[in-house]
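Novice: generate coordinates for the sequence data below:
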Amino acid sequence: MALTDSTDSLVSIESNQGVVWLRFNRPDTLNAVSTAALAALSAALEASRDADTVVITGAGRAFCTGADLGTDVTGATVAAAAEVVSLIAEIPTPVIAAVNGPAAGVGASIAFACDLVLASESAFFLLPFLPLGLVPDGGATHAVVAGAGRIRAARMAFGGERIPAALAAEWGLVGEVVPDDRLASRVDDVVARLCSAPRAAVSETKRLLRAAEAPALQAALNRELEIQSDLLGTQEYARAREGFLARKPVDFRGERG
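Specialist: As a prediction, this is how the structure comes out:
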């Protein structure tokens, strides 16, 4: 499939001299994603296999704040997120996350899945699944444990706190944090270094680095899809989603048998 530049779609595409920029393109919703948006990102990644470098970022002031709960989030949404993460790992092209603002839910998962993660100082990461009756997905149960360790992963998954970019870097989830006004230029520097290197060495380096984690990542994606699909069909999720949309969080205390 040929890659065609677009600026008015759910995921905008800009390509220039072997570098492809993919932007979550719903700034009015802080780039919350639907199943269709995730499918569009997968299609763009698939079409970018021959690019020198791919950069994923967000339009406006957010990277991606997760699934759009105003749409019908189903097992198909979880499967679409898993496909994005699998492609990031599998294509020979290095994929850079330029995290320009909040990265929550599957947005954080996608950022952590990239080969290189650069974040602005004001960015933060959040796994807000638990209050919705859901589990982390998009490979987060692998990436956060692998990068930060199980105890810190539990802090993110159970605590639901915002993890500032600087702390995420300290934990091993982010490679570099830069001032907000320097993120784009720093990404350009990294892209230039990758594009000027011998292409075979770049792709083979990625292949070797990814080979060590591939089975664990795929197993995590499979487990997440099975469990999340079941949880999305529960009354707990339906009530929690309704409360989230109404901005009235549901307190489930006292409801266990």
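
Novice: contacts for the helix of greatest length in the chain, please.
Specialist: Counting residues, the longest helix found in the chain (DSSP state H) is helix 214-231. With contact meaning Cβ atoms under 8 Å, 6 or more residues apart in numbering, helix 214-231 is reached by 74-75, 78-79, 82, 85-86, 89, 133-143, 146, 237. To be clear about C-beta, it is placed using only N, CA and C from the backbone, and glycine gets the same treatment.

Novice: what does stretch 126-137 give?
Specialist: Stretch 126-137 has contacts (Cβ under 8 Å, 6+ apart) with 66, 69, 78, 81-82, 102-106, 108-109, 140-141, 144, 156-158, 160-163, 224-225, 227-228, 231-232, 234, 236-237, 239-241, 244, 249-250.

Novice: for it, which positions count as buried?
Specialist: Across stretch 126-137, burial judged by 16 or more other Cβ atoms under 10 Å covers 126-129, 132-137.

Novice: pull up the distance across that stretch, start to finish.
Specialist: Start-to-end span of stretch 126-137 (Cα to Cα, to the nearest Å) is 12 Å.

Novice: thinking again about what came up before, so how do I select the buried members of the contacts of stretch 126-137 in ChimeraX?
Specialist: Buried residues among the contacts of stretch 126-137 (16+ other Cβ under 10 Å), as a ChimeraX selection:
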select :66,69,78,81,82,102,103,104,105,106,108,109,140,141,144,156,157,163,224,225,228,231,232,237,240,241,244,250
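
Novice: centre-most residue in this protein?
Specialist: Nearest residue to the geometric centre of the chain (Cα atoms, centre = their mean): I110, 1.6 Å.

Novice: against Q235, how distant is it?
Specialist: I110 sits 29 Å away from Q235, going by Cβ to Cβ, to the nearest Å.

Novice: ok so, going back, I'd say the residue nearest to the centre of the chain and A67 touch.
Specialist: No: using Cβ atoms under 8 Å, I110 is not in contact with A67; the gap is 11.4 Å.

Novice: so what's in contact with the two at the same time?
Specialist: Shared contacts of I110 and A67, counting by Cβ under 8 Å, 6+ apart, come down to A81.

Novice: do a quick rundown of the strands in the stretch 51-200 of the chain.
Specialist: 53-58, 95-99, 103-104, 116-120, 124-126, 163-164, 176-178 (DSSP state E, counting those that start in this stretch).

Novice: same list (those strands) but as a markdown table, adding mean pLDDT and distance to T205.
Specialist: Listed next are the strands of the stretch 51-200 of the chain as a markdown table, based on pLDDT from 0 to 100; distance: least, Cβ to Cβ, whole Å:
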| stretch | mean pLDDT | distance to T205 |
| --- | --- | --- |
| strand 53-58 | 98 | 13 |
| strand 95-99 | 98 | 13 |
| strand 103-104 | 98 | 25 |
| strand 116-120 | 98 | 12 |
| strand 124-126 | 98 | 26 |
| strand 163-164 | 98 | 28 |
| strand 176-178 | 98 | 18 |
